[in-house]
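Peer 1: got a sequence here, can you build the structure:
(chains A and B)
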Amino acid sequence: MSVKVYVPCDAAAVSVGADAVAKAIADQIASRRLGASLIRNGSRGMFWLEPLVEVETPRGRVAYGPVSVDAVPGLLDAGFLEGKPHKSCLGLTEEIPFLKRQERLTFARCGITDPLSLSDYVSHGGYRGLEKALKLTPQAIVEEVTNSGLRGRGGAGFPTGIKWRTVLNAPADQKYIVCNADEGDSGTYADRMIMEGDPFVLIEGMTIAGIAVGATSGYIYIRSEYPHAFRTLRRAIAIAHDKGYLGANVAGSGKRFDLAVRLGAGAYICGEETSLLESLEGKRGQIRFKPPVPAISGLFGKPTVVNNVISLATVPIILDKGGQYYRDFGMGKSRGTLTIQLAGNIKHGGLVEKAFGLTLREAIYDFGGGTASGRPLRAVQVGGPLGAYFPESLLDTPLDYEAFAERKGMLGHGGIVVFDDTVDLARQARFAMEFCAVESCGKCTPCRVGSTRGVEVIDRIIANQDRMQNLELLDDLCEVLTDGSLCALGGLIPLPVQSAIRHFPEDFHKAAPPPPANGSSKAQETQSWR
Amino acid sequence: MSKEQGWDADRALSRIRELERLPGALLPILHALQDEFGYVDKAAVPLVAEALNLSHAEVHGVISFYHDFRHSPPGKHLLKMCRAEACQSMGCESMIRHVENRLGVHLGETTEDGTFTVDAVYCLGNCALSPAVMLDGKLYGRVSREVADFLIDSAQRHA
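Peer 2: Residues are numbered from 1 along each chain as shown, chains lettered A, B, ... in the order given. Next comes the predicted model:
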């Protein structure tokens, strides 16, 4: 059998040259007439090592990285097809500490298999969850998910089992499963990684959800900024359909489940579940009043499960190994694993799947290795653009939904963005309001108008115009946004703003910057970006 | 990206016909039209409205709601630059300013020679390799000023 060489097809790996490296390796294999085959796998999630090339050896897979195109002939000369030493050799992949210390449940296969090989998927434990689910009653499937303690990984942390039970118990001629793949939070990429690296696990999770609640139709709503993941999903769905895992007779069970993928169109708000449903229906992505919740009246007015990608992709392992197995990971009310995404100014950026309870400090230093710039860390934003900025003194906070809420923060989708000491938190607070103004759906006044007023008030604070009064006004405005907004965008945008003021007050009390010289810094003035 | 030919009602109609029966067909249709022409021409509004039994206002409302849909043809190359928090932490703002200065445009604009359209995006999901940009649908990570210059030079050579 020929040697297997793995080069990731993940968009992040490709963004630093993985396609070119794959081509160079294929060319070398051909020209040297070597008995080796090239496989495009998903990413292991160690992005600072991408493109990370692996070779299968009798000892296990040996990793080399980062590999450049120019290094490829030298690697072959050094005998990398036998896993021999080279300056870029990292040893056995599984022994790399960043990976070895993780607890990969949802991401068990990601980076190991060929994402579009259904046989690879099945031989690595795929479709065992569905097989078990098909032997259970719908109530028993929902019970298993409830027992696992799984909470919505999109950010809200609502118990998945309870949502499913509501849909199961809602009588209707048609129900839907909708996957929220509108992963718009900066600092997050776990959804993208799993959709590109192990798409069948999401398809299996949605199929199980459909069978559990009696839904025969599902949609994956994916953001247009993810063209690679969109293509992978379309192909994976076609493959699953061809092999009888989707369609009129799922895995020979006589049950139907159809799945389609739909592209968003660049609106952050469509990550909010009711906006997403409006968008899927072909409308402006404006949020809906709740109640009724989507579980009662969702897509096209029918009972609908709306779950995040990671929530749904976690369902197969829960059914396969049992709710109790999953529940045994984690702390307090946060059960199972969290997919932490280390991002921004971080030395070792990447995906860390670990039981809830790891502290921020452990994530950033033990896994992330501190800042990329080598400068002191000053602030960390967890949970995307609506998450709080934490100072160094809060780094011992455990990654747990409740622990973050207690400190007026938000765990959200598990993205951690690190900033070094060059960050200006007044500018970050301004950006938060600006982002809210750009992305507001416009339905409620606090968010639509308040965000623009917020930018203006922060501008006056920075310019030292009636600073104390404006700080007070900003506080007041944040209260209106928190209490008066219809959804989480307006309701949570005060988190980054007020945490910046609370933890980094000095940045709001600097001397006013000098007025820009004539005709300069136009870019800074450009506020209407689109 | 943008196609060579301009707006053509027959081609638009055939794309609309392919998709009009989908549940919630409006976004797929608008994406198809933008794929075909590089933008959504205002002449498409009545065609789409009639196919889906919607008012012109409803169709226009959807086109204008979403950042993706363009009202005029973009440049030959489309450069989307992320300016969300993770990329900010790695200095995207100065890289973006460099690109704006070099091309003589602001975000959201097209160069006078029609070679580049430069847009802001908020997150490309490449946050461990910031700053990130997307050029003609291809993602790039760790985009320093030098890398940005290289990408622009390469695109110009293939203009």
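
Peer 1: distance check, the residue of chain A found nearest chain B against residue A:320.
Peer 2: Chain A approaches chain B most closely through residue A:349 (2.8 Å), counting by C-beta to the nearest C-beta. In short, each C-beta sits where N, CA and C put it, glycine included. Per C-beta to C-beta, to the nearest Å, residue A:349 is found 30 Å from residue A:320.

Peer 1: who has more neighbours, those two?
Peer 2: residue A:349 (33 against 19; other C-beta atoms under 10 Å in any protein chain shown).

Peer 1: wait, that one sits on residue B:129?
Peer 2: Yes: with contact defined as C-beta atoms under 8 Å, residue A:349 counts as touching residue B:129 (6.8 Å).

Peer 1: mutual contacts of these two, please.
Peer 2: residue A:47 (C-beta atoms under 8 Å, 6 or more residues apart in numbering or on different chains).

Peer 1: what residues of stretch A:282-301 count as buried?
Peer 2: Under the neighbour-count criterion of 16 or more other C-beta atoms under 10 Å in any protein chain shown, stretch A:282-301 has A:282-288, A:293-299 buried.

Peer 1: repeat for stretch A:503-510
Peer 2: Those would be A:503-504, A:507-508, for stretch A:503-510 by 16+ other C-beta under 10 Å.

Peer 1: residue contacts, the residue of chain A closest to chain B?
Peer 2: Residue A:349 neighbours (C-beta under 8 Å, 6+ apart): A:47-48, A:342-343, A:368, A:372, B:127-129.

Peer 1: dump the residues you listed into a markdown table; add pLDDT as well.
Peer 2: Formatted as a markdown table, those follow (pLDDT from 0 to 100):
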| residue | pLDDT |
| --- | --- |
| A:47 | 98 |
| A:48 | 98 |
| A:342 | 98 |
| A:343 | 98 |
| A:368 | 98 |
| A:372 | 98 |
| B:127 | 98 |
| B:128 | 98 |
| B:129 | 98 |
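
Peer 1: what two of those residues are the furthest from one another?
Peer 2: Farthest-apart pair in the contacts of residue A:349 is A:368 and B:129; separation 13.7 Å (C-beta to C-beta).

Peer 1: nearest to chain A: which residue in chain B?
Peer 2: residue B:128 (2.8 Å).

Peer 1: separation between that residue and residue A:170?
Peer 2: Relative to residue A:170, and taking C-beta to C-beta, residue B:128 is found at 40 Å.

Peer 1: now swap in residue A:360 and tell me
Peer 2: 39 Å.

Peer 1: so between those two, which is more surrounded?
Peer 2: residue A:360 (23 against 18).

Peer 1: show the contacting residues for that one.
Peer 2: Residues in contact with residue A:360, defined by C-beta under 8 Å, 6+ apart, are A:380, A:382, A:390, A:394-399, A:416.

Peer 1: quick one: which of those has the most company?
Peer 2: That'd be residue A:416 among the contacts of residue A:360, by other C-beta under 10 Å, with 30 neighbours.

Peer 1: surely residue A:368 touches residue A:418?
Peer 2: Yes: with contacts counted by C-beta under 8 Å, residue A:368 reaches residue A:418, the gap being 7.0 Å.

Peer 1: what touches both of these two?
Peer 2: Joint contacts of residue A:368 and residue A:418 (C-beta under 8 Å, 6+ apart) are A:342, A:346.
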